[in-house]
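Undergrad: Just to be clear, the model below is a prediction. Sequence and coordinates:
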Amino acid sequence: CQWGPFSLENFAATMSYACISLVLLLFSPVKPEVNEEVRYPEQEIHNAATLVENKLTEEADSAFGDRFDEELVIHPLQSGDAYANFLFRTRWDLDLLQPGSKVSHYRLFPKSLGQVISKYAVRELHLSFTQGFWRTQAWGEPFLQAPAGAELWVWFDETNNDIDRSWKELTNVLSGIFCASLNFVDSTNTVSPTASFKPLGIVNVTDHKFLRHAVLPREIACTENLTPWKKLLPCGSKAGLATLLKAERLFYTSYHSQAVHIRPICKDSDCLSTSWELTQSLSVVLDVHTSGQGKKEWSLFKMFSRTVTEACPLATRSTIYVDITNNDQENEILLTPTPVGQTEATVHGSKRTYAVYDLFQPQLYSASRSVNVILKWKQRQELSVVSVPLLYAERYVSGYGLQTGEINTLIYNNHAFRAFPVLLMETVPWYLRLYVHTLTIITKGKENKPSYIHYEPAKDRKRPHLLEMLIQLPAGSVTKVTIQFERALLKWTEYPPDPNHGFYVSSSVLSASVPSVVSMTVYDGDNIPMSTKIFPFSDGSSYFVRLYTEPLLVNLPTPDFSMPYNVICLTCTVVAVGYGSLYNLLTRTFQIDEQSGSRLTVRLANFIRRMRGVPPL
């Protein structure tokens with residue numbers, strides 16, 4: 001029984017009562033009155049089943065303490081695109097890492113992930129699959145950015161005695177769960193950062209030896225990753241906001257990123273017990289400006305080819321938020337249907353205003369059986385100037401030839417009067433041999449010495465380079481970080497099938513506490529988007545942000561793979577001709593063929609032979 005032994009008696013009593021009620025309803029000869037609504041047996045059966053389901057759901061909620069929330073935040077970008085961020089959060093009031101605890105009943109929390117946490121003593125798990133690159137200068141700052149490809153970083157519990165073995169087995173298990181190539185994560189692309197990736201949940205382990213981080217920049221996100229991701233949801237893709245997740249629309253976008261975050265949180269304000277929080281996020285950027293014939297208006301049906309018919313029955317909250325911060329007299333926004341309310345939240349140091357659609361409100365379905373949010377501008381809007389974010393970075397490779405090169409990172413601080421530090425992390429593969437003595441940091445034409453630096457040199461075919469630096473960024477400045485490297489010559493068996501395409505280098509990671517332009521008011525409640533509370537901030541003057549640069553594509557010295565092909569072809573030809581002739585001579589039998597024919601034929605042949613000067617037969 002999925003509900004467990006806690007409600008067997010109540011379940012039996014409820015089902016008995018429901019069965020008796022159904023029998024009485026089905027065989028009752030009473031006819032309805034003229035003004036009374038006609039109620040058919042099928043409708044009564046459905047209502048009785050609904051009552052049973054609601055009663056069992058309430059009992060399960062009280063026993064397990066599960067909670068599931070879903071939301072969709074739509075943000076019209078100044079470039080004419082639309083940024084849609086889906087977020088599904090499952091909370092489970094149970095401590096899986098408690099000694100002696102054994103969990104065998106799962107309701108809303110996925111059993112596959114619960115068993116992984118319990119078996120490998122995982123404290124936090126963060127996994128993302130991203131296709132494309134987030135263009136910060138054109139789109140602004142996202143709620144949660146991820147690097148191109150696949151990223152996985154895990155905090156293990158201090159009770160885990162063999163971190164490396166657990167890490168290897170965990171990557172193989174996650175590879176099977178999400179149908180990804182995470183089994184290619186090994187020691188050559190795994191690092192243990194000292195300061196860049198701190199726990200996002202309850203902090204009880206801060207020693208970086210329990211942390212593992214890896215990036216596969218060449219991993220491609222596709223439908224095979226989306227399908228198992230949707231199956232982790234309590235309602236799957238059958239109800240709620242997940243019905244909008246149509247693969248052929250999500251992957252036909254400028255940017256696509258899906259992630260899974262698991263962390264322990266406090267169960268109450270006193271934080272005497274622990275709960276587990278599973279956050280599934282999916283972010284897409286849709287080019288609705290091009291698809292809308294030059295118009296910036298959009299709708300759910302235009303973006304996802306579907307509408308919302310109902311909220312997830314297992315969800316406690318199901319909400320759609322539409323960013324209407326720029327709604328004023330000059331840029332008046334028309335929303336259809338009319339939102340049930342508005343709310344304000346502080347996002348990345350700026351106050352945003354959102355129109356709220358509660359999918360549990362029956363008035364949203366009064367006009368039709370589905371909800372199709374439509375946004376239009378009262379006047380035709382032209383593409384506006386994009387506001388420059390306070391912090392962003394760029395990265396590129398310079399140099400010529402296939403022997404040496406240089407990695408350049410540009411960090412921009414666009415704050416007018418505030419300076420702040422930035423933690424930069426570089427992970428470089430072992431086949432790019434860094435010259436650390438060539439590291440230079442230039443700000444406004446002067447050398448900028450980092451206040452903290454941590455470097456772990458690479459070992460050939462064993463581990464990559466790890467470089468972490470804490471750099472102070474002056475106000476209104478551009479900081480350039482450069483370091484030279486030498487390309488290594490690989491073994492011919494270590495090259496991929498397309499070596500001339502190049503080798504990918506994972507993105508740089510920037511972590512900073514950016515000063516806020518406005519006061520960071522703590523909004524605590526269920527009326528603001530959950531996406532604004534992913535990164536908690538300590539004070540009201542700054543907010544935490546983690547950015548990723550572009551991945552690099554570096555060419556290595558590549559041998560001429562056509563020469564082995566030519567050698568193989570020539571060798572095979574010689575062997576075939578030589579061995580074939582020898583085999584033919586050794587196995588062929590020679591016999592004398594006695595000629596037989598008429599005397600007239602022999603005379604004619606001898607005559608011709610005499611004419612040619614050849615001895616007769």
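TA: Structure received.
Undergrad: Now tell me what touches stretch 299-314 from outside.
TA: Where contact means Cβ atoms under 8 Å, 6 or more residues apart in numbering, the residues beyond stretch 299-314 that reach it are 57, 68, 70, 82, 84, 108, 233-235, 239-246, 248-250, 286, 288, 291-292, 318, 320, 359-360, 369-375. In this view, the C-beta of every residue, glycine as well, is placed from N, C-alpha and C.
Undergrad: out of those residues, which are buried?
TA: Neighbour counting with 16 or more other Cβ atoms under 10 Å marks 68, 70, 82, 84, 108, 233-235, 239-245, 249-250, 286, 288, 318, 320, 359, 371, 373, 375 as buried within these.
Undergrad: Mark which of those residues are part of strands, please.
TA: Secondary-structure check on the buried ones among the contacts of stretch 299-314 using DSSP state E: residues within strands are F68, E70, A82, A84, L286, S318, I320, L375.
Undergrad: Sort those by pLDDT and name the bottom one.
TA: For these, the least confident position by pLDDT is L375, scoring 86.
Undergrad: In contact with it, which residues are there?
TA: Contacts for L375 (Cβ under 8 Å, 6+ apart) come out as I74, P76, E297, W298, S299, V322, I333, L334, L335.
Undergrad: where's the closest residue to H454 other than its chain neighbours relative to A121, distance?
TA: Take H454 and drop its neighbours on the chain: the residue closest to it by Cβ to Cβ, 6 or more residues apart in numbering is E468, 4.4 Å away. E468 is 26 Å from A121, where distance means Cβ to Cβ, to the nearest Å.
Undergrad: How about S366?
TA: Relative to A121, and taking Cβ to Cβ, S366 is found at 51 Å.
Undergrad: Compare those two (neighbour count), which wins?
TA: A direct count of neighbours by other Cβ atoms under 10 Å for S366 and A121 places A121 higher, at 17 against 9.
Undergrad: can you give me phi and psi for that one?
TA: For A121, the backbone dihedrals are phi 50, psi 60 (criterion: degrees, to the nearest 10).
Undergrad: What of V284?
TA: The main-chain torsion angles of V284 are listed as degrees, to the nearest 10 and equal phi -140, psi 150.
Undergrad: cool, Y583 as well?
TA: Recorded main-chain torsions at Y583 are phi -70, psi -40, according to degrees, to the nearest 10.
Undergrad: cool, G580 as well?
TA: The phi and psi values for G580, taken as degrees, to the nearest 10, are phi -60, psi -40.
Undergrad: ok, how many other residues are close to it?
TA: When neighbours are counted by other Cβ under 10 Å, G580 registers 10.
Undergrad: can you give me the helices in the stretch 201-350 of the chain?
TA: 223-231, 247-250, 288-291, 300-304 (DSSP state H, counting those that start in this stretch).
Undergrad: can you name the two of the ones in strands among the buried ones among the contacts of stretch 299-314 that are farthest apart?
TA: When these are compared pair by pair using Cβ to Cβ, the farthest-apart members prove to be F68 and L375, with a separation of 27.4 Å.
Undergrad: related to what we said a few turns ago, mean pLDDT for the helices of the stretch 201-350 of the chain - can I get that in CSV?
TA: Rendered in CSV, the data for those read as follows (pLDDT from 0 to 100):
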stretch, mean pLDDT
helix 223-231, 92
helix 247-250, 88
helix 288-291, 60
helix 300-304, 89
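Undergrad: how about the ones you listed, which one is nearest T589?
TA: Each of the helices of the stretch 201-350 of the chain was checked against T589 via Cβ to Cβ, and the shortest separation belongs to helix 223-231, namely 60.9 Å.
Undergrad: what helices or strands is the closest one leaning on?
TA: In terms of contact count using 3 or more Cβ pairs under 8 Å, 6 or more residues apart in numbering; DSSP states H and E, helix 223-231 is assigned the packing partners helix 247-250, strand 255-266.
Undergrad: Highest mean neighbour count across those, which stretch is it?
TA: For those, ranked by mean neighbour count under the definition mean count of other Cβ atoms under 10 Å, the leader is strand 255-266 at a mean of 20.
Undergrad: how close does V288 get to S79?
TA: Per Cβ to Cβ, V288 is found 11 Å from S79.
Undergrad: Likewise for F420?
TA: 27 Å.
Undergrad: Of these two, which one has the most company?
TA: S79 (20 against 17).
Undergrad: wait, that one sits on T136?
TA: No. Counting by Cβ atoms under 8 Å, S79 sits too far from T136 to count as a contact (11.6 Å).
Undergrad: Which neighbours do the two have in common?
TA: When contacts are counted by Cβ under 8 Å, 6+ apart, S79 and T136 have no shared neighbour.
Undergrad: where's Q115, which helix or strand?
TA: Per DSSP states H and E: Q115 is located in helix 111-120.
Undergrad: Specify the angle between whatever helix or strand comes next after that helix and helix 223-231 in degrees.
TA: Once helix 111-120 ends, the next helix or strand along the chain (criterion: DSSP H and E) is strand 122-131. With axes from the mean of the first three to the mean of the last three Cα atoms, to 10 degrees as the criterion, the two stretches strand 122-131 and helix 223-231 enclose an angle of 140 degrees.
Undergrad: helices or strands up against strand 122-131?
TA: Contact analysis of strand 122-131 by 3+ Cβ pairs under 8 Å, 6+ apart lists helix 111-120, strand 149-156, strand 255-266 as its packing neighbours.
Undergrad: Quick one: closest of these to T206.
TA: Of all those, the one in closest proximity to T206, counting by Cβ to Cβ, is strand 149-156 (9.2 Å).
Undergrad: got a list of what the closest residue in space to L226 that isn't next to it in sequence touches?
TA: The shortest distance from L226 to any non-neighbouring residue, by Cβ to Cβ, 6+ apart, is to A247 (5.7 Å). Applying Cβ under 8 Å, 6+ apart to A247 gives the contacts T223, L226, T227.
Undergrad: Just the buried residues of these.
TA: Using 16+ other Cβ under 10 Å as the burial test, those include L226 as buried.
Undergrad: where does the protein have low pLDDT?
TA: Judged by pLDDT under 70, the chain has its weakly predicted residues at 1-64, 96-102, 104, 204, 289-295, 329-330, 379-386, 518-526, 535-540, 590-598.
Undergrad: Now do the strands in the stretch 451-600 of the chain.
TA: Per DSSP state E, counting those that start in this stretch, the stretch 451-600 of the chain carries strands over the ranges 452-456, 465-473, 477-487, 503-505, 509-515, 542-548, 552-554.
Undergrad: and of those strands, who's closest to V388?
TA: Where the strands of the stretch 451-600 of the chain are weighed against each other on Cβ to Cβ, the nearest is strand 477-487, at 12.2 Å.
Undergrad: and the angle for the closest one with strand 465-473?
TA: Regarding strand 477-487 and strand 465-473, their directions subtend 160 degrees when assessed with the same axes, to 10 degrees.
Undergrad: Mind giving me the packing neighbours of strand 477-487?
TA: Taking 3+ Cβ pairs under 8 Å, 6+ apart as contact, the helices and strands that strand 477-487 lies on are strand 404-413, strand 420-428, strand 432-443, strand 465-473.
Undergrad: Quick one: list the elements packing against the helix holding Q115.
TA: Under the contact definition 3+ Cβ pairs under 8 Å, 6+ apart, helix 111-120 sits against strand 122-131, helix 163-177, strand 255-266.
Undergrad: May I see the ones you listed arranged in CSV, with distance to F607 as well?
TA: Converted to CSV, the helices and strands packed on helix 111-120 look like this (distance: least, Cβ to Cβ, whole Å):
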stretch, distance to F607
strand 122-131, 88
helix 163-177, 87
strand 255-266, 91
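Undergrad: just checking, T325 touches T353?
TA: Yes. Using Cβ under 8 Å, T325 is in contact with T353, at 4.8 Å.
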